[in-house]
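Novice: whatever this is, show me its structure:
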Amino acid sequence: NLTPLILNSIANTNESCSIFGDGKQSVYRWRNSNVNQFLHLASSEKRTIEENSKGSINKQIINLKFNWRSDYNIVTFNNNLFKTCISLAQGPIAKRLYRKSFQEIPPKKNKTKGWIRIEYLDKDNWIEENLDKTLKTVKDLKKDYQLKDIAIIVRKNTHANLIAKHLSHNNIDVISPESL
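Specialist: Alright, predicted model coming up:
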């Protein structure tokens, strides 16, 4: 619940409070993300904040036109993914979020950079298969990318630990929360 944080932030000042977030990160719902924190903040919690603060809320949502952080292939993949999410989204708020999610690629971005791979694994043997495929993929990627530019996204921290140990045992340097 963001309301207490906002109230605390504006309680003793006449300053503004800015909140930055990306509702599209709700695709990581399996990592306990909650798109409603951002989508409903300016509507359902607005009354509560106004009743408990000195002033009113002047909401302004700014969607960034360009994605400066990710490379061409990543942005293109995300645009296609969120286009699909519109038809799968449950409820009008989520549909509206995904409709506004399209981002442009900055004009000077290299159109050959960025790499995504999604694989479905055999559910009975997925741990070994995943470890082997991840190791092979990282070794292949090292030919064109630096290790610092490779990210592996997993469902659970225990999966991350297994992969980190497997990569380390195969002389691949890994940075993870456990290694810091």
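
Novice: which residues of the protein fall in strands?
Specialist: Using DSSP state E, the chain contains no strands.

Novice: which stretches of it have low pLDDT?
Specialist: 1-3, 12-15, 20-61, 177-180 (pLDDT under 70).

Novice: next, the residue found closest to Lys113 once you drop the neighbours it is linked to in the chain: phi, psi?
Specialist: Once flanking residues are discounted, Lys113 sits nearest to Asp71: 3.9 Å by CB to CB, 6 or more residues apart in numbering. (Each C-beta comes from the backbone N, C-alpha and C, glycine too.) Main-chain torsions, Asp71, degrees, to the nearest 10: phi -80, psi 170.

Novice: from here on, call the first residue 16.
Specialist: Got it, first residue is 16 now, which makes that one Asp86.

Novice: I figured Asp86 hits Ile131, correct?
Specialist: No: counting by CB atoms under 8 Å, Asp86 does not reach Ile131; the two are 10.0 Å apart.

Novice: who's more crowded, these two?
Specialist: Neighbour count, other CB atoms under 10 Å: between Asp86 and Ile131, Asp86 has more, with 18 against 12.

Novice: next one: the more buried one relative to Thr152, how far apart?
Specialist: As judged by CB to CB, to the nearest Å, Asp86 and Thr152 stand 17 Å apart.

Novice: can you check Ser102 too?
Specialist: 30 Å.
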